[in-house]
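In: pasting the structure only:
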């Protein structure tokens, strides 16, 4: 079960890469409309992104899932996507009534238009599947060794070939099974949309509850890109920008919460803080409230009370569901390209239905959030910011601005030896680590972290706000530099050798040779190997001259600590391989 959840979290993280391009697409599309700048070329540029979302999802998901986020996986996903969509387009059966009474070019145009319209519904699902397959194929076969006469097509070059083959299977499935798939998608969409307020309430509650796991991205993608159909365009978000007057139900309810509710929650937490602590927490709460109001980025606020006061988070989830139902009851339809903040509200005001209703509903939500949060915090003495038993860190470092700050993050995360992989989504670091006990949560908070989530024994998520991606890049760069302090020991110590180098040939032999190594890389003082079979690894590995220790962060993975010589040993291994 843990493996399933971990896999879903990886998919949720990968989905954020293609979604990140939607704000610029929405901006271009709206600015080019007649009611704004009236520049068709700009509108067409924005529409081009929405029209090719399937391709973007294929590339983004594949790169997001691939080890080291390698671009070869993205290329493989494009191959798989094109094979799938173009193959399915030819195979999709055309009902006789489409071309009835037409001959010649008129008949051909009618058939082509029908297939293009059906392909629009297929685009995003095909992109998601192509990306998932390409990412998995890269992780599984990027180091495959073929016979000498086919050696040129081995390694990473094999992945696009395998992805194209998988695309043929998908094309056959989508092409011949399209009538069944279409009926299933239509039935599911109609069932969800027909559930009206009940379905929207459930969506709103689950959307907030799943934030702690990161799986809300998957839920959002179903609602925003798959549900419903308007002139061949599917998904609440895509239909809204295509002009569907009924679209926006799965976006409208976020606006009262993000623009009014959560800023009011920040005010309630500020007013409830101890008098001598208000100055310390006021700046943090104000900045988070402003970020939520302007951009709709809410995770920093939510993680500030999610674990300190879970009852407040339960109230927040229910109020989000009620906001979805309320906006639907008043037939308010708002949309966004990124999130439900002021920027998107103003930009898409003219495309919305009854947009001014947001103001009175938002004011009611401001009062609800402030009143409920203030009452529960005071009545039950909840430990919100400024009321914790432990002192709030007095000095907070702006993350990602200085080298010593980055080394501070690395040390707080257990040192370079504890970091197996460093990635990020919109507002949180997503880390694979060797030992949870080595992580210093207090130090992370002093550096500006607003929450910590431990989905499994090998994964850690640190909420840092919109700087997450830049911070992850800085940490990855920092791992290549010598740290100012030794990393926290997290591995089984082996006999320490005074040698500065290690025999690459001997190391290779103890690991079972290249045939047992799927991937290898250097990370600071260690060599990280992904293996086919753990059992092949020799017990003599830890006794090998130059090896300072070994770690096994997960199955089919071994890290060999060799000190500063790691990069040189890796180069020797590659020379042996060539």
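Out: Received it, and whenever you're ready, just let me know what you need. Quick caveat, the model's predicted, so the values are computed rather than measured.

In: I'd like to know how far residue 139 sits from residue 65.
Out: From residue 139 across to residue 65, the span is 7 Å (CB to CB, to the nearest Å). (Glycine included, C-beta is placed from N, CA and C.)

In: higher neighbour count, these two?
Out: Counted by other CB atoms under 10 Å, residue 139 and residue 65 do not tie: residue 65 has more neighbours, with 24 against 19.

In: Let me know the next secondary structure element after the least confident helix or strand in the chain by mean pLDDT.
Out: Across the helices and strands of the chain, mean pLDDT, DSSP states H and E gives its lowest value to strand 492-493, namely a mean of 36. Following strand 492-493 in sequence order, the next helix or strand is helix 504-510 (DSSP states H and E).

In: in that next one, what's buried?
Out: The neighbour-count check on helix 504-510 (16 or more other CB atoms under 10 Å) flags 504, 506-508, 510 as buried.

In: Kindly report the same for stretch 321-329.
Out: Using 16+ other CB under 10 Å as the test for burial, stretch 321-329 gives 321-328.

In: next one: stretch 72-83
Out: Across stretch 72-83, burial judged by 16+ other CB under 10 Å covers 72-83.

In: taking the mean pLDDT, what do you get for the helix or strand containing residue 409?
Out: For residue 409, the host element (DSSP H and E) is helix 403-412. Helix 403-412 shows a mean pLDDT of 80.

In: And that helix, what does it pack against?
Out: Applying 3 or more CB pairs under 8 Å, 6 or more residues apart in numbering; DSSP states H and E, one finds that helix 403-412 contacts helix 441-446, helix 468-478.

In: Check the ones you listed for me and report the most buried one.
Out: Mean neighbours per residue, mean count of other CB atoms under 10 Å, is largest over those for helix 468-478, with a mean of 19.

In: before we move on, back to that, what angle do the helix holding residue 409 and helix 468-478 make?
Out: If you take axes from the mean of the first three to the mean of the last three CA atoms, to 10 degrees, helix 403-412 sits at 90 degrees to helix 468-478.

In: next SSE after helix 403-412?
Out: Heading C-terminal from helix 403-412 (DSSP H and E), you reach strand 419-424.

In: Tell me which stretches of the stretch 251-400 of the chain form helices.
Out: 254-255, 262-272, 278-295, 299-305, 310-329, 342-347, 358-379 (DSSP state H, counting those that start in this stretch).

In: so where's the stretch 51-200 of the chain uncertain?
Out: Low-confidence segments of the stretch 51-200 of the chain (pLDDT under 70): 185, 188-189, 192-193.

In: What sits closest to residue 371 if chain neighbours are left out?
Out: Closest residue in space to residue 371, ignoring its immediate chain neighbours: residue 268 at 8.0 Å, by CB to CB, 6 or more residues apart in numbering.

In: Hmm, residue 382 and the one you found touching each other?
Out: No: counting by CB atoms under 8 Å, residue 268 does not reach residue 382; the two are 10.6 Å apart.

In: between these two, who's got more neighbours?
Out: Each of residue 268 and residue 382 has its neighbours counted (other CB under 10 Å); residue 268 has more, 24 against 19.

In: what sits against the more buried one?
Out: Contact analysis of residue 268 by CB atoms under 8 Å, 6 or more residues apart in numbering lists 369-371, 373-374, 377.

In: if you set the cut-off to 7 Å instead, what comes out?
Out: 369-370, 373-374, 377 (CB atoms under 7 Å, 6 or more residues apart in numbering).

In: Out of those, who's the most crowded?
Out: residue 373 (27 neighbours).

In: ok so, going back, got a markdown table for the contacts of residue 268, with distance to residue 356 too?
Out: Below are the contacts of residue 268 laid out as a markdown table (distance: CB to CB, whole Å):
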| residue | distance to residue 356 |
| --- | --- |
| 369 | 21 |
| 370 | 22 |
| 373 | 26 |
| 374 | 28 |
| 377 | 32 |
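
In: Out of the residues you listed, the closest to residue 144 would be?
Out: Distance to residue 144 across the contacts of residue 268 (CB to CB) is lowest for residue 369, with 54.7 Å.

In: ok, now how distant is the closest one from residue 547?
Out: Using CB to CB, one obtains 56 Å as the distance from residue 369 to residue 547.

In: and what of residue 259?
Out: Residue 259 sits 56 Å away from residue 547, taking CB to CB as the criterion.

In: Next: residue 268.
Out: Distance, residue 268 to residue 547, using CB to CB: 55 Å.

In: same deal with residue 33?
Out: Applying CB to CB, the value for residue 33 to residue 547 is 64 Å.

In: So between the two, which is more surrounded?
Out: For residue 33 versus residue 547, the count of surrounding residues by other CB under 10 Å is larger for residue 547: 24 against 16.
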